[in-house]
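> 3D, please:
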Amino acid sequence: MNKDLLAILDRFALEAPVKEVKPLGSGLINDTFKVNTEGTAPDYVLQRINHAIFQDVDLLQHNIQAVTCHIRAKLQAAGEKDLDRKVLRLVPLKEDSGKTYFYDGAFYWRVTVFIPDAFVYDTVDPKYSNFAGQAFGQFEAMLADIPDKLGETIPDFHNMELRARQLEEAAAADKAGRMKEPEVQAILAEIREHVHEMCKAERLYREGKLPKRICHCDTKVNNMMFDANGNVLCVIDLDTVMPSFVFSDFGDFLRTAANTVAEDSPEIEKVAFRKDIFEAFAKGYVSSAKVFLTPLEKEMLPYGTLLFPFMQAVRFFADYLNGDTYYKIKYPEHNLVRTRNQMALFRSVLSDMDYMAQFVASL
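Okay, here's the model as predicted:
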């Protein structure tokens, strides 16, 4: 076994000696290991936190601890017995510091209790989209009254006004010399035509009309765990849990799940908005989120669906103008293709706004 990993694990208050440590999953952000222990004690998950992305690890761990403890208390009060399969549990350090992470001088590490007999699915169909809607709506509902103050683990992650400013700065700087391309000018003109409307959430927030909630901010089907019978156990991957508009969970899921093709598919003519996925997710989400949603939040769910392909198009396009410095690319026009794709999805969603408004109103 890796002696360095064993030395790190020895810092945490595990319930049994370590028998085996092996890599787990294929996550793109954090390095993850499964920790098998001796006897009947729980197994664990060891993660090296990517502090290039999550620069305030203290805040990150505070958010996760506050959220999981609040959910755990609610489940316990409701009589739930299988708590360690229904909510993640962070393992503290042995030393009485109250910390749930260890810094080895170069990297930050954390340990959670492994959830046994649990499964993750990548399937995006109406059935699992409905499950996702229910699970993420319930997640937000349980956190609607959380007393702890949470911070933004990635500041301004879903701030459309900031993304619009970044695009204008990229266009003005023209670092890659791409502004002279006619298609680039046409895309920029189309974005500018819609940008004021797409920034209205920030304006409504400043006017006190739209609240921020504690949201997951990375709502994928595979960020839920299921038991062997297909029942949702819990929501996982909590690094991005932070204050945001509910559109962060509603719109971001639909941006990927309801597109008929992948976000970087060059077959732009095949891009379309899947109404079956929208209806299934919206039904599930509203059924569990209705306990806290304000009338305005519910009314604006179609706006959230429209916002996320637009925001992602702006981000891809700004990166293209900057010379592809943020997103990994496989060929020179990759970010431009992604921009075309997301703008096509934006147009498809835009054409369905009346239908979505009527559907949401009916829920």
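> make it CA atoms for all contacts and neighbour counts henceforth
Fine.
> From K22, how far out is L254?
Going from L254 to K22 by CA to CA, to the nearest Å gives 34 Å.
> ok, the closest residue to Q185 other than its chain neighbours - how many residues close by?
Counting by CA to CA, 6 or more residues apart in numbering, M179 is the residue found nearest to Q185 once chain neighbours are left out, at 6.5 Å. Residues lying near M179 (other CA atoms under 10 Å) number 17.
> Next, name the residue at the spatial heart of this structure.
D218 (0.8 Å; CA atoms, centre = their mean).
> On the three-state scheme, that residue is what?
coil (DSSP: H, G, I helix; E, B strand; the rest coil).
> Would you enumerate the residues in contact with it?
240, 248-249, 252-253 (CA atoms under 8 Å, 6 or more residues apart in numbering).
> switch the cut-off to 7 Å
240, 249 (CA atoms under 7 Å, 6 or more residues apart in numbering).
> how much space between it and T240?
Distance from D218 to T240, by CA to CA: 7 Å.
> V314 too?
Distance of V314 to T240, computed by CA to CA: 21 Å.
> quick one, which of L254 and K22 is more surrounded?
Neighbours were counted for L254 and for K22 using other CA under 10 Å; L254 has more, 25 against 13.
> quick one: the more buried one is in a helix?
Yes - assigned with three-state DSSP, L254 falls within a helix.
> so it sits right up against Y303, yeah?
No - the pair L254 and Y303 fails to qualify as a contact (CA atoms under 7 Å) at a distance of 11.8 Å.
> Give the residues shared as contacts by these two.
Shared contacts of L254 and Y303 (CA under 7 Å, 6+ apart): none.
> the more surrounded of V314 and T240?
V314 (26 against 19).
> Tell me which stretches of the stretch 51-200 of the chain form strands.
Taking DSSP state E, counting those that start in this stretch as the criterion, the stretch 51-200 of the chain carries its strands at 102-103, 108-113.
> Revised request: answer the last question for the stretch 251-363 of the chain.
Going by DSSP E, counting those that start in this stretch, the stretch 251-363 of the chain shows no strands.
> shaky segments in it?
Nowhere does the stretch 251-363 of the chain drop to pLDDT under 70.
> those helices in the chain, which residues are they?
3-9, 57-77, 83-86, 126-142, 160-173, 182-198, 200-206, 247-257, 275-289, 295-299, 301-321, 334-351, 353-362 (DSSP state H).
> possible to save those as TSV with distance to R110?
Output for these, formatted as TSV (distance: least, CA to CA, whole Å):
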stretch	distance to R110
helix 3-9	9
helix 57-77	9
helix 83-86	17
helix 126-142	22
helix 160-173	32
helix 182-198	38
helix 200-206	34
helix 247-257	25
helix 275-289	31
helix 295-299	35
helix 301-321	31
helix 334-351	34
helix 353-362	40
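> for the ones you listed, which one sits closest to C234?
Closest approach to C234 among those (CA to CA): helix 83-86, 5.0 Å.
> For the closest one, what is the distance to the chain centroid?
21 Å (CA atoms, centre = their mean, to the nearest Å).
> Check which residues of it are buried.
Buried residues in helix 83-86, counting neighbours by 16 or more other CA atoms under 10 Å, are found at 83-86.
> Show the model's pLDDT score for the residue lying closest to D56 once chain neighbours are set aside.
Using CA to CA, 6+ apart and skipping residues adjacent in sequence, the residue nearest D56 is T153, 6.9 Å away. We have a pLDDT of 93 for T153.
> Hmm, T153 is touching I53, no?
No - with contact defined as CA under 7 Å, T153 does not reach I53; the gap is 8.8 Å.
> and the two? which has more neighbours close in?
Set T153 next to I53 and count neighbours by other CA under 10 Å: T153 wins out with 22 against 12.
> In contact with the more buried one: list those residues for me.
Here T153 is in contact with 54, 56, 59-60, 240, 242 (criterion: CA under 7 Å, 6+ apart).
> Just the buried ones out of those, please.
By 16+ other CA under 10 Å, the contacts of T153 give 54, 60, 240, 242 as buried.
> and the second one, how far is that from V241?
Translated: L60. 9 Å.
> Could you give the number of residues near the closest residue to F12 other than its chain neighbours?
Counting by CA to CA, 6+ apart, the nearest residue to F12 once its immediate chain neighbours are dropped is L93, at 4.2 Å. For L93, the neighbour count with other CA under 10 Å is 20.
> Report pLDDT for L93.
For L93, pLDDT reads 96.
> Is it correct that it is in contact with L14?
No - with contacts counted by CA under 7 Å, L93 stays clear of L14, the gap being 8.8 Å.
> Would you confirm that K86 contacts V232?
No - using CA under 7 Å, K86 is not in contact with V232, being 8.6 Å away.
> Roughly how far does the nearest residue to L24 once chain neighbours are set aside sit from P42?
Spatial nearest neighbour of L24, excluding adjacent residues (CA to CA, 6+ apart): F33 at 4.7 Å. Going from F33 to P42 by CA to CA gives 15 Å.
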